[in-house]
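Enquirer: what follows is a predicted structure for the sequence shown.
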Amino acid sequence: MSYTFTWYGHATLGLETGGHRLLIDPFFSGNPAAAISADQAQAEYILITHGHGDHVGDAPAIAKRTGATIISNFEIASWLGKQGLKTHGQHIGGGFHHPFGYLKLTQALHGSALPDGSYGGNPAGFLLTTLQGEKLYFAGDTGLFGDMQLIGEEGLDLAVLPIGDNYTMGPADALRAVRLLRPRTVIPIHFNTFGLIKQDAEAWAAQVRQTLGCEVCVLQPGQSFVRA
Ligand code: NI
Ligand code: MN
């Protein structure tokens with residue numbers, strides 16, 4: 001059992017598992033919280049939850065430079081495929097055995113228009129079962145939904161949840177999400193990038209620990225969580 005999860009700021013995530021390197025929602029250029037620049041980012045696979053600019057971000061440029069395969073919903077994968085990039089399209093509820101593990105797209109309550117106004121399909125989250133069997137849930141941008149309970153039934157090692165409010169769940173609903181998901185560890189993201197989504201993550205973490213007894217790991221942009 002081992003993986004390394006890195007928060008690069010906002011919803012930009014890195015994951016190293018089974019000798020593979022993944023990037024999720026790589027938004028570096030124009031991201032005031034970004035811990036590194038787009039040309040420093042390394043990836044074998046790039047996962048995109050939805051079409052918004054703060055999630056598609058630098059994916060095309062990084063994919064071009066690294067040769068990474070982009071995995072997203074069918075509409076976003078097609079849009080990027082037309083730019084000559086290597087893509088793999090999936091959709092909500094569908095899983096696929098990739099070399100790094102079994103990746104399933106989950107529902108998310110949000111929008112998904114692409115930066116040029118193209119239709120970006122439905123927004124998604126990701127449920128990854130690693131080659132070692134750990135289940136990692138990346139909620140994406142979403143509001144609270146009751147079917148998080150179904151995702152929790154899978155037995156989650158890690159849940160990565162937005163807590164910023166305004167565009168996604170805020171702290172109160174994110175706490176309710178943890179109650180439904182019951183992960184071993186939860187990591188908050190999508191906060192403090194801009195004033196509109198400023199939150200006290202440590203206060204939230206204390207509340208989650210106290211009321212749910214769940215392990216919370218509050219990272220600073222650039223920091224990693226290592227499951228040994
Ligand atoms: Ni969004
Ligand atoms: Mn967002």
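Expert: On my side now, so go ahead. Numbers count the residues shown, from 1 in each chain. Ligands and ions are numbered 1, 2, ... in the order given.

Enquirer: quick one: what helix or strand has G51 in it?
Expert: For G51, there is no enclosing helix or strand under DSSP states H and E.

Enquirer: that one contacts S112, doesn't it?
Expert: Yes - contact criterion C-beta atoms under 8 Å: G51 and S112 qualify, at 4.3 Å. Glycine gets a C-beta too; all of them are placed from N, C-alpha and C.

Enquirer: identify the contacts common to the two.
Expert: Residues touching both G51 and S112 (C-beta atoms under 8 Å, 6 or more residues apart in numbering): E75, I76, G120, G121, P123.

Enquirer: which one of those sits in the busiest neighbourhood?
Expert: I76 (28 neighbours; other C-beta atoms under 10 Å).

Enquirer: check for me that that one belongs to a helix.
Expert: Yes - under DSSP: H, G, I helix; E, B strand; the rest coil, I76 falls within a helix.

Enquirer: where does the protein dip in pLDDT?
Expert: 1 (pLDDT under 70).

Enquirer: doesn't L158 make contact with P183?
Expert: Yes - using C-beta under 8 Å, P183 is in contact with L158, at 5.8 Å.

Enquirer: which residues are in contact with both of these two?
Expert: Counting by C-beta under 8 Å, 6+ apart, the residues touching both P183 and L158 are Y137.

Enquirer: still on that earlier bit, so which of the shared contacts of G51 and S112 also contact ligand 2?
Expert: The subset of the shared contacts of G51 and S112 within reach of ligand 2, by C-beta under 5 Å from the ion, is empty.

Enquirer: so which of the residues you listed comes closest to A41?
Expert: I76 (18.6 Å; C-beta to C-beta).

Enquirer: phi and psi next, for the residue minimising distance to the centre of the chain.
Expert: With distances taken as C-alpha atoms, centre = their mean, F138 lies nearest the centre of the chain, 4.2 Å away. Per-residue torsions, F138: phi -110, psi 110 (degrees, to the nearest 10).

Enquirer: state the distance from it to P162.
Expert: 10 Å (C-beta to C-beta, to the nearest Å).

Enquirer: coming back round to it: quick one: contacts for the residue nearest to the centre of the chain?
Expert: F138 touches L13, I24, L47, T49, G125, F126, L127, L128, V160, counting by C-beta under 8 Å, 6+ apart.

Enquirer: the closest residue in space to the third one that isn't next to it in sequence pairs with what?
Expert: Meaning L47. Nearest residue to L47, sequence neighbours excluded (C-beta to C-beta, 6 or more residues apart in numbering): I24, at 4.6 Å. Beta-bridge partners for I24, by DSSP bridges, are L13, L47.

Enquirer: with T129 instead?
Expert: Those that pair with T129 in a beta bridge, by DSSP bridges, are Y102, K135.

Enquirer: what number of residues lie near it?
Expert: 17.

Enquirer: surely it is in contact with F100?
Expert: No - the pair T129 / F100 is not scored as a contact, 10.1 Å apart, by C-beta under 8 Å.

Enquirer: hang on, I70 packs against A77?
Expert: Yes - proximity of I70 to A77 meets the contact threshold set by C-beta under 8 Å, at 6.7 Å.
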